[in-house]
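Engineer: I need the structure of the sequence given here:
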Amino acid sequence: MTTITPHAGAFTIASFRLDKTGLVPLGTPTLENWVSCGRFIKDAEKSVQFWVGDWLIYGETHFGKTDYEKAIEETGLSYQTLRIYKHVASVVPLSLRRNKLSFHHHKEVASLSQETQETLLNQAEKHNWPVLKLKQEKYRYQLEQARGVSLLSSSLTSRILSGESTTVLAGLPTESIDLVVSAPRFAALTSDVLQETFSQLARCLKINSHLYLFLNRFEYAWLLPLIKPYFTVKNLLIWETAPGLPSSAFRYTPAYDFILFAHKGRRHLNGRRDASVFRWTAGLPTAPGGKPLPLLEYLIEKSSLPGEMVCDPFASPATPVGVAARNKGRQYIGVPQEETKTK
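Structural biologist: Predicted structure coming up:
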């Protein structure tokens, strides 16, 4: 344990005297002394903001209104800095402060409830998060909290629903769906049906949720103006369907499909950051126009959590979204496309 010995205008830490102008060795400090002094300096650097904040709180509690002019004179800190130190110290109690984390870690969670502060600070300490990572995780948490849990959606269970997609979706509770994954046969759908479907999906999806639609290079331009009034299109993902396929004599043979990725609000993707080009060497579908189960499972894992509800408003056996959802512990609602009005 490091012993602190005070002197006039200075104090001694493990055979080193610290005063206002520097550090002076006393006698011949050992390596252990040197390490102990360095550790104290490191901890002091991380703690001084809390010391100042607690000092201001004590002054206000025992001597009335905080005298910021006197505090500025004594500390040399600006008014704004003192206000920040005092605020963080007042809302992050001693029991939640982590000596392995900086003051700026604690400042990042100061606006949250103490329960959430404890959760995030524990994770930051356990995983050695830098402040930027903690800020990202705080933002993720706030987005997830904003999604909430629909009381009506708790009654929904996995099933295939009969009827036209727009009619079926109209019967679902508002903000009861967590994710949409679908591969519609767009050639069989009218613009009016699609717009009504997107309108209903925008109502049924919770805030801060994702939508994936498989489509080809010709369908994208036609679909984009239909979906943009209801969702924010974030990216156009590419699934390489037939790598290495030779081209024909008259044109380059398409070896990919698009996956339109859109948001309602914002939601972080789960796991690592991946590229927007998918190459799958296993699990390719055998049905014409089908989608590989591993790819569907990947999208579901990236954009939802276990127990959440995945919806396919244009379900088909060739695109087993329901199987993928169940494999990953999600619930599923599907509406077979053959029951939806066509052109």
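Engineer: By mean pLDDT, flag the weakest helix or strand of the protein.
Structural biologist: When the helices and strands of the chain are compared on mean pLDDT, DSSP states H and E, strand 4-7 comes out lowest with a mean of 57.
Engineer: Now do the helix or strand following it: distance to the chain's middle.
Structural biologist: Using DSSP states H and E, the helix or strand that follows strand 4-7 in sequence is strand 10-13. The chain centre lies 45 Å from the centre of strand 10-13; the measure is CA atoms, centre = their mean, to the nearest Å.
Engineer: Parallel or antiparallel, list what pairs with strand 10-13.
Structural biologist: Strand 10-13 has the following strand partners under DSSP bridges: strand 4-7 (antiparallel), strand 16-19 (antiparallel).
Engineer: Pull out the buried residues from it.
Structural biologist: 12-13 (16 or more other CB atoms under 10 Å). From N, CA and C alone the C-beta is placed, and that goes for glycine too.
Engineer: which helices and strands does the lengthiest strand in the chain pack with?
Structural biologist: Criterion DSSP state E: the longest strand present in the chain is strand 205-215. In terms of contacts (3 or more CB pairs under 8 Å, 6 or more residues apart in numbering; DSSP states H and E), strand 205-215 is packed against helix 131-147, strand 177-182, helix 219-227, strand 256-264, helix 293-303.
Engineer: Excluding its own residues, what touches it? List them.
Structural biologist: Outside strand 205-215, the residues that touch it by CB atoms under 8 Å, 6 or more residues apart in numbering are 143-144, 146-148, 150, 175-184, 186, 201, 223, 227, 231, 237, 239, 257-267, 291, 299, 303-304, 319.
Engineer: again, only this time at 6 Å
Structural biologist: When contacts are defined by CB atoms under 6 Å, 6 or more residues apart in numbering, strand 205-215 is touched by residues 143, 146-147, 175, 177-183, 231, 257-262, 264-267, 299, 303.
Engineer: residue contacts, Y85?
Structural biologist: By CB under 6 Å, 6+ apart, Y85 lies in contact with 49, 52-53.
Engineer: Would you convert the residues you listed into a markdown table that also reports pLDDT?
Structural biologist: Output for the contacts of Y85, formatted as a markdown table (pLDDT from 0 to 100):
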| residue | pLDDT |
| --- | --- |
| Q49 | 92 |
| V52 | 92 |
| G53 | 93 |
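Engineer: What about those, which are in strands?
Structural biologist: Using DSSP E to define strands, no part of the contacts of Y85 is located there.
Engineer: domains in this protein, as residue ranges please.
Structural biologist: As given by automatic domain parsing, the domain ranges for the chain are 1-91, 100-147, 153-339.
Engineer: doesn't R17 make contact with V24?
Structural biologist: Yes: using CB atoms under 6 Å, V24 makes contact with R17 at a distance of 4.6 Å.
Engineer: The two: who's more crowded?
Structural biologist: R17 (16 against 11; other CB atoms under 10 Å).
Engineer: Number of residues surrounding T190?
Structural biologist: Counted by other CB under 10 Å, the residues lying close to T190 total 13.
Engineer: still on that earlier bit, and the helices and strands packed on strand 205-215, which one averages the lowest pLDDT?
Structural biologist: Mean pLDDT is lowest for helix 131-147 among the helices and strands packed on strand 205-215, at a mean of 88.
Engineer: How about residues contacting that one?
Structural biologist: Here helix 131-147 makes contact (CB under 6 Å, 6+ apart) with 104-105, 108, 124, 206-208, 266-268.
Engineer: any chance of these in CSV, with pLDDT, distance to G59 and neighbour count too?
Structural biologist: As requested, the contacts of helix 131-147 are exported to CSV (pLDDT from 0 to 100; distance: CB to CB, whole Å; neighbours: other CB atoms under 10 Å):
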residue, pLDDT, distance to G59, neighbour count
H104, 94, 24, 14
H105, 95, 25, 23
E108, 95, 26, 23
A124, 95, 30, 24
K206, 93, 47, 22
I207, 92, 44, 14
N208, 93, 43, 20
R266, 89, 42, 15
R267, 91, 44, 21
H268, 90, 41, 15
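Engineer: how about the helices in the chain?
Structural biologist: For the chain, applying DSSP state H gives helices covering 31-63, 68-75, 79-91, 103-108, 114-127, 131-147, 165-170, 191-204, 219-227, 293-303, 321-327.
Engineer: and S102, what is it in contact with?
Structural biologist: Contacts of S102 (CB under 6 Å, 6+ apart): K46.
Engineer: Give me the neighbour count for the closest residue to V92 other than its chain neighbours.
Structural biologist: Among residues not flanking V92 along the chain, H106 sits closest, at 4.9 Å (CB to CB, 6 or more residues apart in numbering). Look at H106: counted by other CB under 10 Å, it has 24 neighbours.
Engineer: do the one 4 residues further on as well
Structural biologist: By other CB under 10 Å, the residues close to A110 number 14.
Engineer: Name the nearest residue to D178, ignoring sequence neighbours.
Structural biologist: Once flanking residues are discounted, D178 sits nearest to E308: 3.7 Å by CB to CB, 6+ apart.
Engineer: correct me, but the one you found touches I177?
Structural biologist: No: E308 lies out of contact with I177 (CB under 6 Å); the separation is 8.7 Å.
Engineer: so how far is I177 from K42?
Structural biologist: Distance of K42 to I177, given as CB to CB, to the nearest Å: 49 Å.
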